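>>> This is the structure alone, sequence omitted:
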């Protein structure tokens, strides 16, 4: 059943992607006269770029190598370029349609020279977006959030949490970037490190080949490192991912709660989409939190920021999520804002502090536009 669902989903995605790619191609090819070498090379390069990500996904499963890495990088950048070329082409066609009603476009832009200028202007703009977005994606900011918890903790006035979600370790987030992320997290000198899911990027093979677990083992804090599953752990195989992460120093909290040093609880939920990928489902917040001492602070980790009302009703003091990437590519942030009550940032619901991170890494295009990746320091202050 799972394989059939995957084949149907994959077929729909490929069909839609192919149709949209042809739409972009049909507009771009107009900049090159028929029969010229320019048109031949445009067609060749366009087909190669459009197929590169699909080739990469196949190669990563059949022949993980520098060749598959190259296709992954090329294909991932092309996904970002594809997205913005699509927006540009749609915008141009809408303007052309409006021009039929209210003529405003100079006739020059209808000539071959004018079309060529539009083409290279679009290529230049998208290239700048890719370069700027990649630089932005490689430099997560450190953000500090302070919350006051109206509970007394014996021997502790404050708890410092380093929270990082959506690392997406793999081919694109490789040894150097993983090392950098670990160093930034350790620089916070946190009491506890919490990882909010999507720690690995689907396939575990690149993580193992690049020995990224070696960097994870260098994460240090007083109480240790704890993580939860995200949808990408399940896409690639949750059991294998959890086993690998556990072997490299991360305590995975799966639909259960842990009392830390008899002072506070860490509650971790399985991912919202786990059942789609073979899981038997997950427990409700109420089921996980039954029997907890509500006089102690409760920190709840849930990869996708759903069911905020339930979390507040059940008495979580702080709930943290990721998943949204706050859209990652503008203007997709408007979609995540429409889907999630909190797409990014802080909100107080009743007595529950909610924080949704934009993520430290990213999926697909190795670029971020319109938002910053982040690692979050949360200072929980308790009653004296």
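Yes, it's here. Quick caveat, the model's predicted, so the values are computed rather than measured.

>>> Just list the residues touching residue 269, thanks.
228, 255, 282, 283, 285, 288, 300, 301, 302, 303 (Cβ atoms under 8 Å, 6 or more residues apart in numbering). For every residue, glycine as well, the C-beta is placed using N, CA and C.

>>> Can you tell me which of these comes closest to residue 33?
Comparing the contacts of residue 269 against residue 33 with Cβ to Cβ places residue 303 closest, at 51.3 Å.

>>> mean confidence score for stretch 198-215?
The pLDDT scores in stretch 198-215 average 94.

>>> List the buried residues in that stretch.
Going by neighbour count (16 or more other Cβ atoms under 10 Å), the buried part of stretch 198-215 is 198-207, 210, 212-213, 215.

>>> got it, and stretch 74-83?
For stretch 74-83, by 16+ other Cβ under 10 Å, it's 75, 76, 77, 78, 79, 80, 81, 82, 83.

>>> among the buried residues of stretch 198-215, which are in helices?
Among the buried residues of stretch 198-215, the ones falling in helices (DSSP state H) are 205, 206, 207, 213, 215.

>>> tell me which residues in the top helix by length along the chain are buried?
Of all the elements of type helix in the chain, the one with the most residues (DSSP H) is helix 66-101. Neighbour-count burial for helix 66-101 flags 68-69, 71-72, 75-85, 88-89 (criterion: 16+ other Cβ under 10 Å).

>>> elements contacting that helix?
Counting by 3 or more Cβ pairs under 8 Å, 6 or more residues apart in numbering; DSSP states H and E, the packing neighbours recorded for helix 66-101 are helix 2-28, helix 37-62, helix 112-137.

>>> would you turn the ones in helices among the buried residues of stretch 198-215 into a markdown table with distance to residue 238?
Below are these laid out as a markdown table (distance: Cβ to Cβ, whole Å):
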| residue | distance to residue 238 |
| --- | --- |
| 205 | 15 |
| 206 | 17 |
| 207 | 14 |
| 213 | 16 |
| 215 | 21 |
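
>>> Identify the residues contacting the strand ranked longest in the chain?
Secondary structure of the chain per DSSP state E: the longest strand is strand 141-152. With contacts defined as Cβ under 8 Å, 6+ apart, strand 141-152 is touched by 184, 187-188, 295-297, 317-318, 346, 351, 353, 355, 372-384.

>>> what do you get if the cut-off is 7 Å, keeping everything else the same?
Strand 141-152 has contacts (Cβ atoms under 7 Å, 6 or more residues apart in numbering) with 184, 295-297, 317-318, 346, 353, 355, 372, 374-383.

>>> Could you do stretch 28-43 as well?
Against stretch 28-43 from outside (Cβ under 7 Å, 6+ apart): 46, 112, 115, 116, 119.

>>> quick check, nearest of these to residue 271?
Nearest to residue 271 out of the contacts of stretch 28-43 is residue 46 (Cβ to Cβ; 36.4 Å).

>>> got a list of what the closest one touches?
Per Cβ under 7 Å, 6+ apart, neighbours of residue 46: 25, 28.

>>> going forward, begin numbering at 24 instead of 1
Done: numbering now begins at 24, and the last item shifts to residue 69.

>>> And the contacts of strand 164-175, which of them are buried?
When these are checked for burial by 16+ other Cβ under 10 Å, the buried set is 207, 319-320, 340-341, 376, 378, 397-401, 403, 405.

>>> For this structure, list the residue farthest from the centre, please.
Distance from the C-alpha centroid of the chain, by Cα atoms, centre = their mean, peaks at residue 130 (43.6 Å).

>>> gap between that one and residue 124?
As for residue 130, its distance to residue 124 is 17 Å (criterion: Cβ to Cβ, to the nearest Å).

>>> likewise residue 246?
Computed as Cβ to Cβ, the residue 246 to residue 124 distance reads 65 Å.

>>> Would you check that residue 109 makes contact with residue 47?
Yes: the pair residue 109 / residue 47 is scored as a contact, 6.0 Å apart, by Cβ atoms under 7 Å.

>>> Now render the contacts of stretch 51-66 as JSON lines, adding pLDDT and distance to residue 33.
Output for the contacts of stretch 51-66, formatted as JSON lines (pLDDT from 0 to 100; distance: Cβ to Cβ, whole Å):
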{"residue": "69", "pLDDT": "97", "distance to residue 33": "22"}
{"residue": "135", "pLDDT": "89", "distance to residue 33": "39"}
{"residue": "138", "pLDDT": "91", "distance to residue 33": "35"}
{"residue": "139", "pLDDT": "92", "distance to residue 33": "37"}
{"residue": "142", "pLDDT": "95", "distance to residue 33": "32"}
